[in-house]
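Asker: 3D, please:
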Amino acid sequence: MKKNFLYLLIVAGCLQSCKKVEDQSNALERQVEVNDQIEIKYAKGFQIETTATGYKISIRNPWPESAERFTFELLHAKDDDFWNSNNVSNAIHIPIKSIVLTSTTHIPPLVLLNEEKSLKGFPSTDYISAPEVRTLIEDGKVEELGANETMNVERTIMLAPDLVMGFSIDASNPVYQKIEKVGIPVIYNGEWVEKHPLAKAEWIKLFGVLYGKEQQADSIFQSIENEYLNTLELVKNVKRPKVISGATWKEQWYLPYGDSWQGKILNDAGANYIYQETTGTGSLAYNIEKVLVDGNDAAFWIAPAQYTSYSKMIEDNKSYQLFDAFKNKQVYTHALTVGAKGGVTYYEEASMRPDLVLKDLVKILHPELEMEHELYFFKPLKE
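Answerer: Got it, this is the predicted structure:
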């Protein structure tokens, strides 16, 4: 009761007077001696080091073209005297018991670690598809916090989570800065910036140390990694079919760069993606005439934006039927696999399960391998 009262006082003051934090970096206020570094094989956005009292974690470049670095101390210590006497202002007690997440891609690590009950709030809960979490939402155990960009600060603070797992596209984050102002840590999750197919999944190791489940998280990641690498072996010597992706939006055809997560996983699946050699951030944007010249003879069309049927594609753009993949009914979409509220499962789970994405693509692109795998994310377009 006392804690809630204090939070009410803090909220009242914060919502009226919080100002933008000038320094986006939150360096530790005391020097921490590190003992060892946990192996991070693919991810570039975070680092975990062990200390005498827990861990030191560093979050690097959590959004495109950023130079920010955020550092936190994770403490096993439960003694308030230790906490106060060591000037640990930027620290988190572990294992954490409650959390607010801000992206559906943060959901799978909680489910895999059996920690979904720790989720206390989320913006736009209808986007969540995981059955375990949907049950909690329907039971009123997960607070609806509004839209991500305008997440309800007062409700978030009243939940008093051990931390908020944030998501941002740039350094302008007034909502998170207000939350930090009252002493609730905000950890920016930059998995969405990672380009290697296994790098996104490796972020489960960060969740592992937060929940005191480092070994379990490492084991889960190793299993995903092994499945991915074993599937890679199947396509080492295959003939690579030509592949296109994306679709038009307002006169522009948007496709993934070759060095993006999507581009790399297509390459790993044994595809000859028409723009495999391109590099950059965001999406390629070409007119339909260029894509038609470069990819009209592609054997497969993977992820045609949000389309789920051939009829809707023709309705929107009759030029689609000029592509061989369209003519031969070789268009595959992830938009048909949705959760109870219509959220596309691919957007929630794919980053954590690149092994399943890869198996789907290999199954589609290389029927000659007769792979024993039931398509999970990708399905053939409806008529």
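Asker: tell me the contacts of the most centrally placed residue in the chain?
Answerer: Residue closest to the average C-alpha location in the chain (Cα atoms, centre = their mean): residue 105, at 3.7 Å. Counting by Cβ atoms under 8 Å, 6 or more residues apart in numbering, residue 105 touches 189, 191, 192, 200, 347, 348, 351, 352. Just so you know, the C-beta spots here come from the backbone N, C-alpha and C atoms, and that holds for glycine as well.
Asker: Over to residue 272: give its phi and psi.
Answerer: Main-chain dihedrals, residue 272, degrees, to the nearest 10: phi -100, psi 80.
Asker: On the three-state scheme, the residue nearest to it when sequence neighbours are not counted is what?
Answerer: Using Cβ to Cβ, 6 or more residues apart in numbering and skipping the chain neighbours, the partner closest in space to residue 272 is residue 240 (4.0 Å). Secondary structure state of residue 240, per DSSP: H, G, I helix; E, B strand; the rest coil, is coil.
Asker: isn't residue 240 right up against residue 271?
Answerer: Yes: here residue 240 reaches residue 271: they are 6.1 Å apart, a contact under Cβ atoms under 8 Å.
Asker: So if I had to pick from these two, which one is more boxed in?
Answerer: Between residue 240 and residue 271, counted using other Cβ atoms under 10 Å, residue 271 has the larger neighbour count: 28 against 17.
Asker: Verify the stated contact: that one with residue 239.
Answerer: No: in this structure, residue 271 is not within contact of residue 239 by Cβ under 8 Å, at 10.9 Å.
Asker: pLDDT weak spots in the protein?
Answerer: Along the chain, segments meeting pLDDT under 70 span 1-32, 34, 77-90.
Asker: what domains does the record give for it?
Answerer: Taking automatic domain parsing as the reference, the chain has its domains at 2-225, 235-380.
Asker: how much space between residue 264 and residue 358?
Answerer: Residue 264 is 10 Å from residue 358, where distance means Cβ to Cβ, to the nearest Å.
Asker: got it, and residue 208?
Answerer: As judged by Cβ to Cβ, residue 208 and residue 358 stand 23 Å apart.
Asker: right, and the secondary structure at residue 35 would be what?
Answerer: Strictly by three-state DSSP, residue 35 counts as strand.
Asker: Phi and psi next, for the nearest residue to it once chain neighbours are set aside.
Answerer: Closest residue to residue 35 apart from its sequence neighbours, by Cβ to Cβ, 6+ apart: residue 50 at 4.7 Å. Here is the backbone geometry of residue 50 (degrees, to the nearest 10): phi -90, psi 150.
Asker: What's the local residue count around residue 50?
Answerer: When neighbours are defined as other Cβ under 10 Å, residue 50 has 16 of them.
Asker: Kindly report the same for residue 166.
Answerer: 26.
Asker: Give me the distance between it and residue 314.
Answerer: In this view, residue 166 and residue 314 are 41 Å apart by Cβ to Cβ.
Asker: same check, this time on residue 230
Answerer: Distance, residue 230 to residue 314, using Cβ to Cβ: 39 Å.
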